[in-house]
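Undergrad: give me a model of this one.
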Amino acid sequence: MKLGLQLGYWGAQPPPDFVERAVEAENLGYDSVWTAESWGNDCFTPLAWIGARTSTIRLGTSVAQLSARTPTACAMAALALDHLSGGRMILGLGVSGPQVVEGWYGQPYAKPLTRTREYVDIIRQVLRREAPVTSDGEFYPLPFRGDNAWGMGKPLKPITHPLRADLPIFIGAEGPKNVTQTAEIADGWLPLYYSPYRQEVYADQLAGAPAGFEISSTVMVNINDDLATALYPVKAMLGFYIGGMGSKQRNFHKELMARMGFADEAETIQNLFFEGKRDEAIACVPDAFADEISLCGPKERIREKLQDWEDSPVTSLLIHGDLQLIRDMAELVL
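TA: Numbering: from 1, shown residues only. Below you'll find the predicted structure:
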């Protein structure tokens, strides 16, 4: 089992110690460090900042949102970072959700699987640099065609030769069809939350994954002798995602919780959240569910639970925390 440091996206201000944490993770033997974007900071700039201060740790986006940039622009950022870091880049991609895509990027949230497949295909063409990049796809036609086209576009190859044609591409996916496609077209999967005790939830979707396919799962870790206290931040996160990160009509996180065996609880959490009863929604998150997808409690309990993760298909645990937690997890895992 490998460890990765999940830095996520920024809040109101940049975290003052994010580079320090990345450097410490590298010194302790962590395999990767990951940065995210939502509707604030982008994910590539902090990763470049970290890459300039490190030398061995892999640099991943978790995730770069498809609607934030065209596939060729995304490929340009990835190949540049791969060169600057000496081949340490991992390009993690995700479609985000309709609220962000339509509300922030002003684009339609249509056919996410088709868009993802087209996007990845174009990036791989750029990285291979075997021929000028073209696409007959519905969403990213190259050259551009349409009523407003000048008709002067021509297929191009990247001026800069990519360092690696096989730069790894990971995809953040939740829905069954999306995970199945991820196992087919990507080099790794970034689940939002995963339970090593319910491997059957994704077993069929992952059956077609090739050898060497990586699964890097973000796992909340809270070391505390009181289990209820340790679980509370996990329940708060789940309450927010299941209750509020999506519309009443469609919430992918709620749907995932239902597939994992907690459909009634997921419905209750969402209803309470939309009624403005956030504390009650958090309280309704089952302790058992929060415990399955996290590592909480005293150190020895976490050490025992780590064996269950070792026995799962997950290849890397991505943890978010301060310097002390980074060191504690290195002691427990590495």
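Undergrad: okay, CA-based contacts and neighbour counts for the rest of this
TA: OK.
Undergrad: so what's Trp34 bridging to?
TA: Beta bridges link Trp34 to Gln6, Gly60, judged by DSSP bridges.
Undergrad: contact partners for it?
TA: Neighbouring residues of Trp34 by Cα atoms under 8 Å, 6 or more residues apart in numbering: 4-8, 47, 59-62.
Undergrad: residue boundaries of the helices in the stretch 151-300 of the chain?
TA: Along the stretch 151-300 of the chain, the segments classed as helices by DSSP state H, counting those that start in this stretch run 176-185, 200-206, 227-244, 252-259, 263-274, 278-283, 287-292, 299-310.
Undergrad: make TSV out of the ones you listed and add distance to Phe18 and mean neighbour count.
TA: Converted to TSV, the helices of the stretch 151-300 of the chain look like this (distance: least, Cα to Cα, whole Å; neighbours: other Cα atoms under 10 Å):
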stretch	distance to Phe18	mean neighbour count
helix 176-185	29	19
helix 200-206	33	16
helix 227-244	21	20
helix 252-259	27	19
helix 263-274	32	19
helix 278-283	28	18
helix 287-292	26	17
helix 299-310	24	15
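Undergrad: those: lowest mean pLDDT?
TA: Note on these: lowest mean pLDDT is at helix 252-259, with a mean of 88.
Undergrad: show me what it is packed against.
TA: Applying 3 or more Cα pairs under 8 Å, 6 or more residues apart in numbering; DSSP states H and E, we find helix 252-259 packed against helix 227-244, helix 263-274.
Undergrad: point to the residue nearest the middle of this protein.
TA: In the chain, the centroid-proximal residue (Cα atoms, centre = their mean) is Ser62; its distance is 3.8 Å.
Undergrad: report the contact partners of that residue.
TA: 8, 34-37, 43, 91-93, 172, 190.
Undergrad: for PyMOL, write the select line for the buried members of the residues you listed.
TA: Filtering the contacts of Ser62 down to the buried ones (16 or more other Cα atoms under 10 Å) takes a single PyMOL command:
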select buried, resi 8+34+35+36+37+43+91+92+93+172+190
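Undergrad: and the contacts of Ser62, which is closest to Arg128?
TA: Nearest to Arg128, judged by Cα to Cα, of those is Leu91 at 14.9 Å.
Undergrad: doesn't the closest one lie inside a helix?
TA: No: secondary structure of Leu91 (DSSP: H, G, I helix; E, B strand; the rest coil): strand, not part of a helix.
Undergrad: count the neighbours of the residue nearest to it when sequence neighbours are not counted for me.
TA: Among residues not flanking Leu91 along the chain, Ile169 sits closest, at 4.8 Å (Cα to Cα, 6 or more residues apart in numbering). When neighbours are counted by other Cα atoms under 10 Å, Ile169 registers 22.
Undergrad: isn't Ile169 up against Gly92?
TA: Yes: between Ile169 and Gly92 a contact is recorded at 5.8 Å, counting by Cα atoms under 8 Å.
Undergrad: what is in contact with those two at once?
TA: Overlap of the contact sets of Ile169 and Gly92 (by Cα under 8 Å, 6+ apart) is empty.
Undergrad: break this structure down into its domains, please.
TA: 2-221+298-333, 225-297 (automatic domain parsing).
Undergrad: pull the distance from the longest one to the chain's centre.
TA: Right, domain 2-221+298-333. Per Cα atoms, centre = their mean, to the nearest Å, the displacement of domain 2-221+298-333 from the mean C-alpha position of its chain is 6 Å.
Undergrad: endpoints of it, how far apart?
TA: End-to-end distance for domain 2-221+298-333: 8 Å, by Cα to Cα, to the nearest Å.
Undergrad: ok, Ala73 - contacts?
TA: Per Cα under 8 Å, 6+ apart, neighbours of Ala73: none.
Undergrad: so how far is Trp309 from Asn199?
TA: Just so we're on the same page, residue 199 is Gln rather than Asn. Note on Gln199: its distance to Trp309, by Cα to Cα, is 10 Å.
Undergrad: wait, Gln270
TA: According to Cα to Cα, Gln270 stands 29 Å off from Trp309.
Undergrad: sorry, back to before: mean pLDDT for the domains of the chain: which is lowest?
TA: domain 225-297 (a mean of 91).
Undergrad: thinking Asp136 is in contact with Leu142, fair?
TA: Yes: with contact defined as Cα under 8 Å, Asp136 reaches Leu142; the gap is 6.8 Å.
Undergrad: so for the two, which residue has more residues nearby?
TA: Leu142 (18 against 12).
Undergrad: which parts of the protein are strands?
TA: 2-8, 32-35, 58-61, 64-65, 89-94, 169-171, 188-189, 214-218, 221-223, 295-297, 316-319 (DSSP state E).
Undergrad: could you list the residues in contact with the fifth one?
TA: Read that as strand 89-94. 58-66, 78, 81-82, 116, 167-173, 190.
Undergrad: the last one too?
TA: Contacts of strand 316-319 with the rest of the structure, by Cα under 8 Å, 6+ apart, involve 1-6, 214-221, 326.
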